[in-house]
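Peer 1: missing the sequence, but the structure's below:
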Ligand SMILES: Cc1ncc(COP(=O)(O)O)c(C=O)c1O
């Protein structure tokens, strides 16, 4: 009957995360692939949401979010970055970072606009931009080297990719998958870049509270010249071990936020009321987010220590709950093939970094790197490490 159903995204199937998680179930493998914790959100938060339901916070919330949640977001962001957003006009609570991203792309880009993505890039950006009618332009980072085990942003390359059609640059730091964070010199480079052209910045900061080794998360909104053109996006899913709750937020100058809200209003309208009330209450407790980095640093270090007994070489992870491992000792080949054989033969799921590039099968996208997620109970990490000791040199 429907022999003609033209697809808007004909080349898009299910994501690598779904594929690997399904394989994990089938092979009874330990899932260090998809980025979700296997421990619960904090008990006081669950109680706060529960109490909110019982206290009657069960009907539609205001379109932009509950005022009390927007207030705690405003004071959190002010404390972090010194940027003062108006709760009335510049903050919107969204259905996860995903919705904030989609609403921003739909609101701020137009057919013919080019949007720069820094590869490796989170898999949502490109299809979401194409749905908005924009053209994603992918600019690779410098891949890790023997003497520098980290991806590096190549600002010259980003500058060269800018044309008269470039509308926006998408940033994602702390970076998924590499764990790279922004440094003051990156913000300097960004300031120079935007001083020459009317570029919008979209800064996906869902891992903002997971930064290691005593460092502080740096956001472009810490600099007024960048903040005036930036959409800051974050998610409570990563911060509260509650990825299934799908609550996030975005902050932007009023003129930009007005446009984002037009999309938010007709796609989602408003976000789960008891969750918002519970999170608002919980976020008022002291030290809620400041303990998160230490919690994850211990897990990162546990994984790194255990990997010493394997042929997999860990790269630097400055933030997020991901660690990249270099698999060169296993010989050449597509990262995806390696991830599949580790799942089938050893029972440990990872994500090939090539999945974060436009063409995962191209040699330019394959640097023999796999991403491991350490947002797992210590016992799960230890069990995975035991299995990974079975990885043999080629
Ligand atoms: C970089 C990045 N952005 C956005 C998201 C989506 O966040 P949410 O689950 O809040 O929609 C993720 C989730 O993994 C992510 O890694």
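Peer 2: Received it, and whenever you're ready, just let me know what you need. From a predicted model like this one, the values you see are computed outputs, not experimental measurements.
Peer 1: so which strand or helix has residue 216?
Peer 2: Following DSSP states H and E, there is no helix or strand that holds residue 216.
Peer 1: and the residue in the stretch 51-200 of the chain that the ligand sits nearest to, how far from residue 385?
Peer 2: With CB to the nearest ligand atom, the shortest gap between the stretch 51-200 of the chain and the ligand falls at residue 96, namely 2.7 Å. C-betas here are computed from N, CA, C, even on glycine. As judged by CB to CB, to the nearest Å, residue 96 and residue 385 stand 31 Å apart.
Peer 1: do residue 214 as well
Peer 2: For residue 214, the distance to residue 385 - CB to CB - is 26 Å.
Peer 1: looking at the two, which is more packed in?
Peer 2: More crowded of residue 214 and residue 385, by other CB atoms under 10 Å: residue 385, with 22 against 8.
Peer 1: these two touch, right, the more buried one and residue 307?
Peer 2: Yes. In terms of CB atoms under 8 Å, residue 385 counts as a neighbour of residue 307; the distance is 7.0 Å.
Peer 1: can you count the residues close to residue 262?
Peer 2: Residue 262: 13 neighbours (other CB under 10 Å).
Peer 1: who's in contact with it?
Peer 2: residue 107 (CB atoms under 8 Å, 6 or more residues apart in numbering).
Peer 1: surely it is in a strand?
Peer 2: No. Under the criterion used here (DSSP: H, G, I helix; E, B strand; the rest coil), residue 262 is helix, not part of a strand.
Peer 1: for the ligand, see how far away it is.
Peer 2: As for residue 262, its distance to the ligand is 20 Å (criterion: CB to the nearest ligand atom, to the nearest Å).
Peer 1: what bits of the stretch 201-350 of the chain have low per-residue confidence?
Peer 2: Along the stretch 201-350 of the chain, the model assigns pLDDT under 70 to no residue.
Peer 1: from it, which residue is nearest to the ligand?
Peer 2: Counting by CB to the nearest ligand atom, the stretch 201-350 of the chain gets nearest the ligand through residue 235, at 3.1 Å.
Peer 1: look up which residues are beta-bridged to that residue.
Peer 2: residue 248 (DSSP bridges).
Peer 1: now residue 390: closest residue in space that isn't a chain neighbour?
Peer 2: Of all residues not flanking residue 390 in the chain, residue 346 sits nearest, at 5.2 Å (CB to CB, 6 or more residues apart in numbering).
Peer 1: quick one, domains of the chain?
Peer 2: 16-40+290-388, 43-283 (automatic domain parsing).
Peer 1: OK, contacts around the residue of the stretch 201-350 of the chain closest to the ligand?
Peer 2: Residue 235 neighbours (CB under 8 Å, 6+ apart): 96-97, 206, 247-249.
Peer 1: can you name the two of these that sit furthest apart?
Peer 2: 206 and 247 (11.5 Å; CB to CB).
Peer 1: any residues in contact with both of those two?
Peer 2: The contact lists of residue 206 and residue 247 share 235, 237, where a contact means CB under 8 Å, 6+ apart.
Peer 1: many thanks, have a good one.
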